[in-house]
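Chemist: Predicted model and sequence below, questions to follow.
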Amino acid sequence: MTDDYLNKLTEKIIGIAIEVHRELGPGLLESVYQRCLTIALREAGLEVNEQLDVPVLFRGKIISDSGYRLDMLVENHVIVELKSTKALTDLDKKQLLTYLRLMQKRIGLLINFNSTLLKNGIKRIAN
């Protein structure tokens, strides 16, 4: 997958997330934002898979194939992790980076819907 394609795809996801945030505002549960963002992304013609198991491999062996779940995978290329919290933490960013490595994906978006301005609550993380 080219960098140009991934950049355009992440820009589209961010734009749609901003639209959802404008309609709903901050303060709702993460699960509500996830359902609404999924609807909006699908309406835009994007493939979205939700709550995917993240298998944990160690030295070529599956240690766990359930228990860890990523919020969304868009177009089978971009992992989207959603939060509705006071502020994003380093642990949130590291969680997404770990998911990127385990799922062998290059790019992820960490989106905190509990931000007054959503653009201030978005982090793009590359593996």
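Modeler: Thanks, I have the structure now. Numbering: from 1, shown residues only.

Chemist: quick one, what contacts residue 81?
Modeler: Residue 81 makes contacts with 70, 71, 72, 92, 95, 96, 99, 108, 109, 110, 111, as judged by C-beta atoms under 8 Å, 6 or more residues apart in numbering. Every residue, glycine included, has its C-beta placed from N, CA and C.

Chemist: Most widely separated two among these?
Modeler: 72 and 92 (15.0 Å; C-beta to C-beta).

Chemist: Under a three-state scheme, what state does the residue positioned nearest the centre of the chain occupy?
Modeler: In the chain, the residue lying closest to the centroid (C-alpha atoms, centre = their mean) is residue 80, at 0.9 Å. Residue 80 falls in the strand class when you classify it by DSSP: H, G, I helix; E, B strand; the rest coil.

Chemist: re the thing from before, compare residue 72 and residue 92 (neighbour count), which wins?
Modeler: residue 72 (22 against 17; other C-beta atoms under 10 Å).

Chemist: Give me the distance between the more buried one and residue 44.
Modeler: Per C-beta to C-beta, to the nearest Å, residue 72 is found 13 Å from residue 44.
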